[in-house]
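Asks: Structure of the sequence below:
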Amino acid sequence: MLPCELILPPDEKLLNPPVLYWDHLKGDDARLWPRSEKYKNRVNLTDNNPNSLNKSILLKNAQWADSGKYLCKLSIVTRGEKSRKFGNKTLLMVYDTMSFKLTNDSLLSCEVNVTQDPSLVLSIFHDGSKLPTVCSARQDAAAALPYASLSESVSVRSGGKYECRLHLNAYLITKRSFNYDPPEPDKGRDAERNVTVTSSTTVPGAAMLVFPEPWVLYSGLLLVPITILLGIITVQLTCRH
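Replies: Okay, the predicted model is just below:
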């Protein structure tokens with residue numbers, strides 16, 4: 001979502017619905033709204049009420065070429081003036097699915113493709129402490145492609161929680177983690193089988209725990225009324241005799 005909201009003084013009132021323009025500032029002046037051919041079927045307003053002051057838009061199916069700065073513009077007519085308002089520029093960066101795996105030479109490697117920007121960096125942590133990297137690389141793609149490949153590798157020395165984090169300056173964008181349980185040499189277990197991988201972003205979420213069905217408890221609850229019923233039948237039969 002690219003945010004844009006018009007804020008007017010309390011004594012100002014719109015005489016007409018605001019006219020919205022959203023531009024991608026890449027030199028070719030590609031327009032998101034009204035939609036140019038490049039963004040056809042990929043851009044929607046978050047609020048379809050023409051009189052709404054919320055002019056944020058939703059960009060779907062983000063592509064590498066969508067990276068860059070965007071600007072919201074509104075042409076408005078109020079009792080006092082007819083003017084064009086400019087919003088703050090919005091910077092959009094795109095990143096691919098992060099890979100975080102253990103290699104055969106006991107190196108833990110993290111890789112991800114990101115928008116070409118030197119402020120995007122990878123770091124690997126062990127139980128909350130940043131680790132020195134064994135190998136670090138930033139490979140820029142061909143000039144025609146707006147992404148770069150980041151990779152970091154560290155030596156796995158002990159068990160615990162490892163995290164690969166993608167930062168934009170000090171802001172955490174996303175992370176991927178796993179818990180590593182070292183294999184026991186005398187049992188010859190495969191180290192890859194002791195890795196539990198999870199991933200997350202900075203978007204708030206919720207986890208759901210699934211518990212096993214308490215069948216023993218269910219059986220016990222069913223036996224109580226059956227036992228009582230049998231007792232009542234036995235008493236009635238006894239009284240008849």
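Asks: Report the rounded mean pLDDT for stretch 1-16.
Replies: For stretch 1-16, mean pLDDT is 90.
Asks: What's the end-to-end length of it?
Replies: 25 Å (CA to CA, to the nearest Å).
Asks: Give me the contacts around that stretch.
Replies: Where contact means CB atoms under 8 Å, 6 or more residues apart in numbering, the residues beyond stretch 1-16 that reach it are 18, 20, 22, 32, 46, 51, 53-59, 70, 72, 74, 76-80, 85, 87, 90, 92. From N, CA and C alone the C-beta is placed, and that goes for glycine too.
Asks: Next, the buried residues of that stretch.
Replies: Leu2, Cys4, Leu6 (16 or more other CB atoms under 10 Å).
Asks: host element of Arg165?
Replies: strand 160-168 (DSSP states H and E).
Asks: Looking at the buried residues of stretch 1-16, spot the one nearest Lys38.
Replies: Leu2 (15.1 Å; CB to CB).
Asks: per the record, what domains does the chain have?
Replies: Domain ranges of the chain: 19-92, 99-201, per automatic domain parsing.
Asks: Could you export these as a markdown table, including mean neighbour count, distance to Glu12 and mean pLDDT?
Replies: Converted to a markdown table, the domains of the chain look like this (neighbours: other CB atoms under 10 Å; distance: least, CB to CB, whole Å; pLDDT from 0 to 100):
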| stretch | mean neighbour count | distance to Glu12 | mean pLDDT |
| --- | --- | --- | --- |
| domain 19-92 | 14 | 5 | 90 |
| domain 99-201 | 15 | 35 | 81 |
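Asks: can you redo those domains as a markdown table with distance to Asp11?
Replies: Below are these laid out as a markdown table (distance: least, CB to CB, whole Å):
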| stretch | distance to Asp11 |
| --- | --- |
| domain 19-92 | 9 |
| domain 99-201 | 38 |
